[in-house]
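Novice: A predicted structure for the sequence below; I have some questions about it.
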Amino acid sequence: MTIKTPRYLLVGAGLVAQKTYIPRLQELDEKGRAKLMAIVEIYGNEHQRPLYSHLPLSKQQWPQEYLELDLMIRRLRIDCVIISTEPFAHKSYGLRALEKGLIVITDKPIITRKGACTSKSAASGIAEDFEELQNAYDELQSRQQTCFTIQCHR
């Protein structure tokens, strides 16, 4: 029986991704256990790409032609999305990945809101956002078995 090699999309290539996800995925790739298909940077951070020039990435891993995330996921046959962005973006990428039936790995905190320490409504919004993610996950689980993991770097 042949086991399919999981195909990963990394969203965000900042310090955490450079220290954790990229090296680990490269190790797994060498063993045939994972394939990093692409890295995307969130809108507004594209200017940071030169900071990642020291990483051993091929040009295809910075797919310029894909302006539409859904198209990239489909064409590259992505199985798993790693969300390593600012926490404010975690929810939107998490929901999109669950919509597409993908496995999700995200950095902690899973969700945050501006002013959550000083605003009761912002703090309550975190619970609402989590519930929205939980509902999307539960709905996906009713159709297929998958996983949504929160990574804590130590």
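Specialist: Everything's here; your move.
Novice: going by C-alpha atoms from here, please, whenever you check contacts or count neighbours.
Specialist: OK.
Novice: what residues does the longest helix along the chain touch?
Specialist: Determined from DSSP state H, the single longest helix within the chain is helix 120-143. Residues from elsewhere that reach helix 120-143, judged by C-alpha atoms under 8 Å, 6 or more residues apart in numbering: 91, 94-95, 98-99, 101, 110-117, 146, 148.
Novice: contacting residues around the very next helix or strand once past it?
Specialist: Once the chain leaves helix 120-143, the next helix or strand it forms, by DSSP states H and E, is strand 148-151. Contacts to strand 148-151, defined as C-alpha under 8 Å, 6+ apart, come from residues 103-110, 137.
Novice: pull out the buried members of those residues.
Specialist: 103-108, 110, 137 (16 or more other C-alpha atoms under 10 Å).
Novice: what's in contact with stretch 85-97?
Specialist: Outside stretch 85-97, the residues touching it (C-alpha under 8 Å, 6+ apart) are 11-14, 42, 81, 83-84, 103-104, 106-113, 129, 133, 136.
Novice: tell me, how many residues neighbour I3?
Specialist: Residues contacting I3 under the criterion other C-alpha atoms under 10 Å number 6.
Novice: could you look up the SS state of it?
Specialist: coil (DSSP: H, G, I helix; E, B strand; the rest coil).
Novice: ok, now which ones touch it?
Specialist: Per C-alpha under 8 Å, 6+ apart, neighbours of I3: none.
Novice: from M72, how far out is it?
Specialist: 23 Å (C-alpha to C-alpha, to the nearest Å).
Novice: pLDDT on the longest helix of the chain, on average?
Specialist: The average pLDDT within helix 120-143 is 96.
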